[in-house]
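In: Below is the sequence, then the predicted model.
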Amino acid sequence: MLGLGGAMGRMRGYRMLAAGLLLLASLPCSPTPSNANIFGHDDRRDITPEDGLSGVGTIVCKGTTRRPTAALVTLEGTSSHADVIATVAHAFIGSDEQRLSACEFWPGADPALAARIVYLETGTLAPEGNWHNDWAVAVLDRRLPENLSRLRPRMLDERQADLKRRRHAHFLLAGHNGERGPLQVSGRCGPVAKANSDLNGFDRRVFNHDCDMMPGWSGGPLILREEGVDYLVAVNSTEVNAITHISGRPYNGRMNPNTAVRVDGLFHETLERLLKSDTPGGPAFRCLVASMGGAPTLPC
C-alpha cells in the first residue's frame, strides 16, 4: 500500500506540474525592456556620418541622468544667430515632477558642442496625461556650426502620411539608446494607421508609428526624407500609451502603439515663430507653456 500511495502521490505531483506549466503557457508574457518596442526584425543601428543626422543630439539637464533626444530645426531661407531645437515636453520634467531648467543640447551626444538652453515653450506641463501636447521648442544660447544638419518642420496629417507610405516614401526615426548608449536610427518604419482599440484612436494630433526604439528615444525626430530634404513631421513621445499604466497590461503593439506628436497646430506655429523672430532668451532661463483656445502663453 505504501508503494501504491507513493505512486499515486507522484502521479498527483506530475498532474499538478503539468497543470502549472499549462497555466504559465496561457498567461500573457511581458517582453523584456530590450525588445518591448521592436516590430519584427530590429533594424536599429548606430548613426553614421553618411546618414546626414549630425543635428540630432541629446538634452542633458542638471538633476537627472536621463538623456532624451532633440534635433536642430530651420526654415528655408532663414538663419538666426541662435539655433532652435524640437523635442518633447517631458524632457524637462524630472523624476520628482519638478521642471528642469539647467539644460544643454549636445549635438551628436558630443559634450564638446554643448549649447545652453535659454528659452523654452512647451505644449503641456503634464505630459503623462496629455501626451498629444507633449512637445517642446527650445532656443539655444548660440548658433552651432553650420555643417550640422537641420530639419525643416512640415505639417503632415494621417491621410497624407498613409498615402506616402503606400508609395514607399522614406520615413525614419532617430533616438538615443538609454542614458549612455549611442545615437541610433530606425529606417524601415513610419506612421501607421490607428486601430479602434488604441486609446488615441480618434486623436489626430499624434501619429502611431512602427519604428524600433527603446527608452531614451523620447523627443527623437520622426523624419520624412523627400527629394533630398529632411522634414521633421513629428517628435517621438511615448513607447506605450496610458492604458498600460491604467491596467498594468504587458506591451502589445496593437493596444499600446508607439506615439509621436505631429508638427501641427500650436507646435508648428511655435516652431515657425521662434525660427523667424529674434531670440527671446536672456541672461536667465525663461519658460512658457502654451494655452488652449488661442489664449496667451503662461509662465511655466
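Out: Yep, it's here.

In: didn't residue 131 look like it was pressed against residue 235?
Out: No: at 11.4 Å, residue 131 does not count as touching residue 235 under the criterion of C-beta atoms under 8 Å. For every residue, glycine as well, the C-beta is placed using N, CA and C.

In: which residues in the stretch 101-250 of the chain form helices?
Out: All helices of the stretch 101-250 of the chain, identified by DSSP state H, counting those that start in this stretch, fall at 158-166, 242-247.

In: Out of the ones you listed, which gets the lowest mean score?
Out: The stretch with the lowest mean pLDDT among these is helix 242-247, at a mean of 41.

In: Which residue comes closest to residue 183 once chain neighbours are left out?
Out: residue 47 (4.8 Å; C-beta to C-beta, 6 or more residues apart in numbering).

In: Would you quantify the distance from the one you found to residue 219?
Out: 15 Å (C-beta to C-beta, to the nearest Å).

In: ok so, going back, mind listing the shared neighbours of residue 131 and residue 235?
Out: Common neighbours of residue 131 and residue 235, counting by C-beta atoms under 8 Å, 6 or more residues apart in numbering, are residue 261.

In: Neighbour count for these two, which is higher?
Out: Neighbours per residue (other C-beta atoms under 10 Å) separate residue 131 from residue 235, with residue 235 holding more: 29 against 25.

In: tell me the pLDDT at that one?
Out: For residue 235, the predicted pLDDT is 97.

In: more crowded one of residue 47 and residue 219?
Out: residue 219 (33 against 19).

In: residues contacting the more buried one?
Out: 59, 68, 69, 70, 86, 87, 88, 91, 136, 175, 235, 236 are the contacts of residue 219 under C-beta under 8 Å, 6+ apart.

In: Could you tell me how many residues sit around the closest residue to residue 157 other than its chain neighbours?
Out: Using C-beta to C-beta, 6+ apart and skipping the chain neighbours, the partner closest in space to residue 157 is residue 204 (6.9 Å). Neighbourhood size, residue 204 [other C-beta under 10 Å]: 14.
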